[in-house]
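I'll drop the sequence and a predicted model, then ask my questions.
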Amino acid sequence: MLNLNSSTNAFMGCECPLDSAEIVMFSAPFDSTVSFRPGARFAGGAIRQNSFGIESYSPYMEKDLFDLRIADIGELELPFGNAVRALDLIEQKTEQIIKNAKPFMIGGEHLVTLGAVRAMLKKYPDLHILHFDAHADLRDNYLGEKLSHATVIRRCWEFVGDKRIYQAGIRSGDAEEFDFAANHTILSKFSLGRMENFVRALAGKPVYFSLDLDILDPSIFPGTGTPEPGGCSFKELHDAVLLLKKLNIVGCDVVELSPHYDHSGISVMAACKIIREILMVMSFQHSRSAREM
């Protein structure tokens, strides 16, 4: 684990004692199955360091990170090249966290989601997945491999079943993936325009939110391993995230930032800001639940 004695080893404002945290953040530095450009394993460190370049206060949510109960426990130690073992370790850590708090995982490549979902299902058998991405990630295999960032949502479907995965912003995939989605998931192509419908359909259900940052157009988010032109703006993504206040988000991950492909640093800052807003949304839900008890 990272040494968290220095504040720069934790995401800004996320240094609550672990035993009293409502949300627990950790990162999964794994990118061994990336199909194009590796580097997502370095996202956690870049996000933590650069989080101090944004304000802790969100004028959108009217909350401050320093007033919330969020603990950042640092990076998992994951074996390079061993996807099975890495997923087992992510599952074990997530299972520990959900006993008392909500998990927030920073990838890493998108395959890391599978480990978290497997753990979440043990507590929430009716789990639904909300998936923002440029890519469908529904291949049955990629170059003969079942475990890949290109197959992660297909593997998740094998656990959660039909029509419990809602996919938005998808603009890339092979024909078989889109055919599979038509029968097994709820997929919205190209944009986040159906989010209001998704929110209504998911109301009252436990939802795991998986955000692949390459949903953003590479003109504003070049720092990713598989950039895909035709994506949404930051404002469109941010507006969609704010709608999540209406849902029961029980866990989350943000994946596929590869900071070394963006020397300007704008990709890391976009990641930091959207993470801040998601943390606010998840904390808002916890506070609302407490008031309703």
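Nice, I can see it.

got any ranges where the protein has weak pLDDT?
Within the chain, the set of residues satisfying pLDDT under 70 comprises 1-8, 285-293.

residues contacting the nearest residue to G53 once chain neighbours are set aside?
With Cβ to Cβ, 6 or more residues apart in numbering as the criterion, G53 has its nearest non-adjacent residue at 6.3 Å, and that residue is M269. To be clear about C-beta, it is placed using only N, CA and C from the backbone, and glycine gets the same treatment. Applying Cβ atoms under 8 Å, 6 or more residues apart in numbering, we find M269 in contact with N50, G53, I54.

are any of the residues you listed buried, and which?
Applying 16 or more other Cβ atoms under 10 Å to those, the neighbour count classes N50 as buried.

kindly reformat the contacts of M269 as CSV containing distance to S219.
Formatted as CSV, those follow (distance: Cβ to Cβ, whole Å):
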residue, distance to S219
N50, 20
G53, 21
I54, 21
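
which of the contacts of M269 fall within helices?
N50 (DSSP state H).

ok so, going back, the residue nearest to G53 belongs to a strand, doesn't it?
No - M269 is assigned helix when assessed by DSSP: H, G, I helix; E, B strand; the rest coil, not a strand.

quick one: it from L68, how far?
20 Å (Cβ to Cβ, to the nearest Å).

same thing with F132?
Counting by Cβ to Cβ, the gap from F132 to L68 is 23 Å.

more crowded one of those two?
Counted by other Cβ atoms under 10 Å, F132 and L68 do not tie: F132 has more neighbours, with 25 against 21.

ok, the more buried one to G53 distance?
Distance from F132 to G53, by Cβ to Cβ: 24 Å.

again with L216
L216 is 18 Å from G53, by Cβ to Cβ.

spatially central residue in this protein, please.
Central residue of the chain (Cα atoms, centre = their mean): D253, 2.2 Å from the mean position.

list the contacts for that residue?
If a contact means Cβ under 8 Å, 6+ apart, then D253 has F104, M105, I106, G107, V112, T113, A116, F209, S210, L211 as its contacts.

quick one: which of these is nearest G225?
Nearest to G225 among the contacts of D253, counting by Cβ to Cβ, is G107 at 10.6 Å.

of the contacts of D253, which is the nearest to E95?
Using Cβ to Cβ, these come closest to E95 at A116, 9.4 Å.

work out for me the element that closest one sits within.
A116 belongs to helix 112-123 when assigned by DSSP states H and E.

quick check: next helix or strand after that helix?
strand 128-132.

pull up the pairing partners for that next one, direction included.
strand 165-170 (parallel), strand 206-212 (parallel) (DSSP bridges).

now the ones you listed as TSV including distance to H263?
Shown next, in TSV, are the strands paired with strand 128-132 (distance: least, Cβ to Cβ, whole Å):
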stretch	distance to H263
strand 165-170	26
strand 206-212	22
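
D64: which of those strands is closest?
strand 206-212 (21.9 Å).

which outside residues touch the closest one?
110, 113, 116-117, 120, 124, 126-135, 137, 244, 247-256, 274, 278.

now do stretch 48-67: distance from first to last residue.
18 Å (Cα to Cα, to the nearest Å).

for the chain, just list every one of the helices.
Counting by DSSP H, the helices of the chain are 43-50, 83-97, 112-123, 152-160, 175-184, 195-202, 234-243, 266-292.

no further questions, thank you.
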